[in-house]
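[1] model this:
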Amino acid sequence: MIQEGFLLGGELPVRRLGYGTAQLAGPGYWGPRGERQDALAVLRRAVARGVTLIDTADNYGPDVAEELIAEALHPYPDDLVIATKGGVVRTGPDAWHIAGRPEQLRAMCEASLRRLRTDTIDLYQLHRLDPDVPLADQLGTLDALREEGKIRHIGLDTLTADRLEEALSLTAIASVQNRFNLVDRESADVLKVCETHGLAFLPWFPLANGALTGDASSTLTALAERHGASRGQLALAWLLHHSPVTLPTPGTASLAHLDENLDAAALRLSDDEVKELDSPF
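    Numbers count the residues shown, from 1 in each chain. Next up is the predicted model:
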């Protein structure tokens, strides 16, 4: 039996299958996607369907996703946990520039607070580690923001297991986001560290960005037919069964696709089915 909930940072209860907002931005994660009312409707449906973890970033748009969240959902339900990210500057579609100097991180966090219309960000994630700034300085800035009450918990995005252990030696970390899905498990060692320390692991590209093909596709197709589900739903269900600390936050700008993704939480895989999917493709 899989657990449907997780205590983020040991204190914030969330349902493990959440919603990610990257797809609310336009191509190249730049500008808005489609009609604003459609994006608002997706966010509201997610919460109506019981989502309690929404993952976003200041650079989705940039600014677009955070502003949509506030417009759609503020004042926020008491049980809603919003996770956002800083540490990257955008200059155009698919153009990303790491920016982890203390003054930059502080300014980014305070801008997110304004856009989200909140006094405290539940989970503030460092979108990328800046190789030109000591890790202690980057985490020290987030620590100071936490002490000031502007953020509640610190998360990290895209790092190695060794760097995660180093970060844990410097401060308390609540979560990690690394790319991880049925066909890409390079971050399995990072997931193990998260399991050891009780950290949430938010796999990005949980649906492999539509790349569930080849051997994975045939295996998934057979299991999906058995369960009366889609391949994507099986891929999400596998993430929930694979480890108790995984919190997938698949994104979409479609109400129908949102409902399909969230329905994956109800799928129950047998031990043999999980083992079959655990085997490398």
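
[2] what's the weakest-modelled helix or strand in this structure?
    The helix or strand of the chain with the poorest confidence is helix 214-227; it has a mean of 84 (mean pLDDT, DSSP states H and E).

[3] what are the boundaries of the strands in the stretch 51-200 of the chain?
    Applying DSSP state E, counting those that start in this stretch to the stretch 51-200 of the chain gives strands spanning 53-55, 81-86, 88-92, 95-98, 121-126, 151-157, 175-177, 200-201.

[4] and stretch 258-265, how far from the chain's centre?
    Relative to the chain's own centre, stretch 258-265 is displaced by 16 Å; criterion: CA atoms, centre = their mean, to the nearest Å.

[5] outside of that stretch, which residues touch it?
    For stretch 258-265, the surrounding residues in contact (CB atoms under 8 Å, 6 or more residues apart in numbering) are 4, 15-17, 19, 42, 45-46, 49-51, 229-230, 232-234, 236-237, 240, 250, 252. Placement of C-beta: from N, CA and C, glycine included.

[6] before we move on, what about stretch 57-64?
    21-22, 24-26, 29-32, 65-67, 84-86, 88-90, 96, 108, 111-112, 115, 125, 127.

[7] in it, what's buried?
    By neighbour count with 16 or more other CB atoms under 10 Å, stretch 57-64 contains the buried residues 57, 58, 59, 60, 61, 62, 64.

[8] that older thread, what does the very next helix or strand once past the least confident helix or strand of the chain contact?
    Downstream of helix 214-227, the next assigned helix or strand under DSSP states H and E is helix 231-242. Under the criterion CB under 8 Å, 6+ apart, residues 2, 16-17, 180-182, 203, 206-208, 212, 217, 220-221, 223-224, 227, 229, 246, 248, 250, 260-261, 263-265, 267-269, 274, 277-278 lie in contact with helix 231-242.

[9] again, only this time at 6 Å
    2, 16, 182, 206-207, 212, 220, 223-224, 246, 248, 264, 267, 269, 274, 277 (CB atoms under 6 Å, 6 or more residues apart in numbering).

[10] residue ranges with poor pLDDT in the stretch 101-250 of the chain?
    210-211, 213-216 (pLDDT under 70).

[11] switch to 90 and redo it
    208-221 (pLDDT under 90).

[12] how deep is residue 217 tucked in, by neighbour count?
    A count of neighbours around residue 217, defined by other CB atoms under 10 Å, yields 15.

[13] OK, contacts around residue 256?
    By CB under 6 Å, 6+ apart, residue 256 has no neighbours at all.

[14] what's the closest non-adjacent residue to residue 181?
    Excluding the flanking residues, the one nearest residue 181 by CB to CB, 6 or more residues apart in numbering is residue 208, at 4.4 Å.

[15] tell me the contacts of residue 49?
    residue 262.

[16] distance between the ends of stretch 93-106?
    This stretch, stretch 93-106, spans 24 Å end to end (CA to CA, to the nearest Å).

[17] which residues does it contact?
    28, 30, 86, 87, 88, 89, 128, 130, 133, 137, 138, 141.

[18] check stretch 79-92 too.
    With CB under 6 Å, 6+ apart, stretch 79-92 has contacts from 12, 14, 52-59, 62, 96-97, 99-100, 105, 108-109, 112, 121-123, 125-128.
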